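In: sequence-free structure coming up:
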DNA sequence: AATGAATGAGGTTTCATTCAT
DNA sequence: CATGAATGAAACCTCATTCAT
């Protein structure tokens, strides 16, 4: 049932193509449309017909780009997740205070979320719909993303004198992911922008809790003030 | 010679359609089996045939208890969610310090989770698969559950001097729900019991954050110690 | 945490849904086979499986041509009824004595009947099985056919000095339709051909009744004579 | 598939029962409800569940009165058709002028129609839904009803000097049945009462046609006048 | 007499996928 | 590249009917 995802195909020269071997516009559009449908309706509830219809192409035409429905899901997930991971790894390479690194990580995540909400939601909730090699390849990306966050959480918890076990760090990390991933379920641009505010609130909760004193940076104050108006 | 088209035939209400009938052993078993399948595979990926096979009854036999697949989902959700809500409302009636109330709420939630993981997961992730009246009835329960938590979060945040807006309270509450609901995705009895430990960790994070000092109650210490061994 | 229920997914219009596409051999065959089955067994008693089997195509293959069973019925009805109506309207455009116009109308009807008995029977007895837009589109054709006959009947009744009311004309017209439509129930080519004889008998009854003297045209006499041999 | 219709069952004494062995009230009600549904939706489109629901009795309960769905149809048809036939045979026993006998026959038919429209419609349009012995028993009744009308039509046609063949008489008779049976398709109490008017119009058309002179009896005139107001 | 529970067969429709063109 | 046509499998659901109570 599982097909190898088709390797990046050589493209005939085309006026709109810059010739650098980067994927075709058409593919991008298809992936975007598919992601939106799958984010809205779920993978199983989205049919290849739906995707074809939404992209105004024929059903058979889809199979030029994706060897199967699962391959389509894989490509949606892999493309966007790899991109998010690269951005985070790049961004966290630079040293800095732990709190600032956490803030950066959260802001990157949210910023990516606002630009690729559908794709990211599909990455988050439809991993189990893959199988075999596709599953493993995306799982690997997810593991790396997890590690990024877990390392930071572990350092923060250690520094505060808690001497947490690996099991405790794992759970704290998963709490943070819970906060981030659940955003897909309620985010409303009319109420929840700017995302800087949202990010500050998350960071503050994670660092200091409901009872702790807030670290009110300038950015934090400003965006919180805006948040009050929302 | 001209006639009006025949009206859509009125469908009689299904005998067990109201979601509030008195319990029947057979019905209980069916709901449990269905919940487990749906929790594992998702609502859309679970077929009525799967449920019938799992419950060793005929496909048509299912339709004695549920007027449709959606009705089955509704009954699964309504029964367990109503039960959770009743337990929480009962439990939170008693007065007490805010922290303790939060701890109680989280422990109730986790305790219910361990006893009805499948049903609760279905409640959490498949609300959107309902529609019409079924949707609204479960939505109402969910709203009440949300209010329970939101009130507590609001009081905690207010008491710590933050004077949070409604919008901020909403988001803080949804962060807490994110932590709780994401547990479905990673909970592993081999690593994550006893749940008292898990509950304490959640409460500590929510109240004091990664950087704050933990309020280590006796219960908390004991279960954390056990947790370290897990 | 609260979301609106997902809207019913918009269904794309079926490629051949408009009932006016250009003819395709395969489509013609399918319509013919379906009409025969439905005329023989009734619409509700004819299953899509039956049609597919009879046409030696797969069940799913049918749905390339018809978006639903009702659409199949609609296309059967619309195609043949539009054709009959066009033929009659064309034929009655030419002026002539009222009696001759009635004779022409009846002969056209019977001639069409012998060529498309199954389709016409489906048009006559299964209008109520349509609904919505399909119903209205066929109803409009039926109304126009009714008007054609009603105008003729009205003029004939008026000319004979009866000064009939609209209500009376309506009923007289419906009597004529009763005669014509009931033919589906008893017509037997072994006994009831040639149809010219049948047509003359109908016209004579309608014009002069059982007690009136027959207007025996040459054509009438000749075909009656043949009828006697049948 | 065909069961012998259950013989008239002995009834336990019951206060509301007159003890004369006539069928139970309950049976009457069931037959009436079933007839109405089948007349409206067609035999195949009416399920036993529909009947049970409409009669507020259990599905299994129906099978105490009818051995099968086909038996239900048979009983509906047989009971009412036998009754109509008996009434007509009784009524036509008395001698009288041919025209008056025809008028009597039509009025009886219409009178029965207004009292038992649903049942009569089922008799008329669902004979083919029976099979085997049920079919043959109702067919026999239908044949006798046909003969009643055919004899009258034959005498009328013969008396007017036409010397019609058997084949011609058969067709003329079937024309008359067409008029009568098609009434089910358009009768509207708001427009088409009193039925005496309707009966007179039918008789006039059959006897004298559109071009013949009307026999305006007192009854005819009166009811036609009322018809004009409709 | 009456019914709740149960079922095998079959209904319409949709699905992912293939293939000749 | 692109597509219309086609299909086997499987989806949800309803049917007439039976049977223990």
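Out: Looks like it arrived, so ask away. Small disclaimer: the values here were computed from a predicted structure and weren't measured. Residues are numbered from 1 along each chain as shown, chains lettered A, B, ... in the order given.

In: Going by C-alpha atoms from here, please, whenever you check contacts or count neighbours.
Out: Fine.

In: in chain A, which spans are helices?
Out: Here chain A has its helices, by DSSP state H, at A:25-41, A:48-54, A:59-62, A:69-93, A:98-115, A:117-125, A:132-159, A:166-182, A:189-192, A:195-208, A:218-229.

In: Out of those, flag the one nearest residue C:165.
Out: helix A:48-54 (55.4 Å; C-alpha to C-alpha).

In: Can you give me the neighbour number for residue A:116?
Out: Using other C-alpha atoms under 10 Å in any protein chain shown, the number of residues around residue A:116 comes to 16.

In: What sits closest to it if chain neighbours are left out?
Out: residue A:80 (7.9 Å; C-alpha to C-alpha, 6 or more residues apart in numbering or on different chains).

In: right, and that neighbour touches residue A:122 too?
Out: No - with contact defined as C-alpha atoms under 8 Å, residue A:80 does not reach residue A:122; the gap is 9.7 Å.

In: before we move on, the earlier item: the residue nearest to residue A:116 and residue A:138: what is the separation?
Out: 10 Å (C-alpha to C-alpha, to the nearest Å).

In: So which of the two has more stuff around it?
Out: residue A:138 (22 against 18).

In: Which residue is the nearest non-sequential neighbour of the more buried one?
Out: Residue A:138 sits nearest to residue A:78 (C-alpha to C-alpha, 6+ apart), 6.1 Å away.

In: swap in residue A:205?
Out: Of all residues not flanking residue A:205 in the chain, residue B:209 sits nearest, at 6.1 Å (C-alpha to C-alpha, 6+ apart).

In: Would you state the predicted confidence (pLDDT) at that neighbour?
Out: We have a pLDDT of 95 for residue B:209.

In: Low-confidence regions, chain A specifically.
Out: Across chain A, residues meeting the criterion (pLDDT under 70) sit at A:1-23, A:213-230.

In: what residues does it put near chain B?
Out: Residues of chain A lying close to chain B (C-alpha under 8 Å from any C-alpha of the partner chain) are A:44-45, A:153, A:156-157, A:160, A:165, A:167-168, A:172, A:174-183, A:186, A:191, A:201-202, A:204-213, A:227-228, A:230.

In: Mind checking which of the residues you listed are buried?
Out: In these, burial by neighbour count holds for A:153, A:156-157, A:168, A:172, A:174-183, A:201-202, A:204-213, A:227, A:230, counting by 16 or more other C-alpha atoms under 10 Å in any protein chain shown.

In: Count the neighbours of the nearest residue to residue A:184 once chain neighbours are set aside for me.
Out: The spatial neighbour of residue A:184 that comes closest, neighbours along the chain excluded (C-alpha to C-alpha, 6+ apart), is residue A:121 at 6.6 Å. Other residues lying near residue A:121 total 23 when counted by other C-alpha under 10 Å.

In: now residue A:121: how far from residue A:29?
Out: 17 Å.

In: Also residue A:184?
Out: 22 Å.

In: In terms of neighbours, single out the busier of the two.
Out: residue A:184 (19 against 12).
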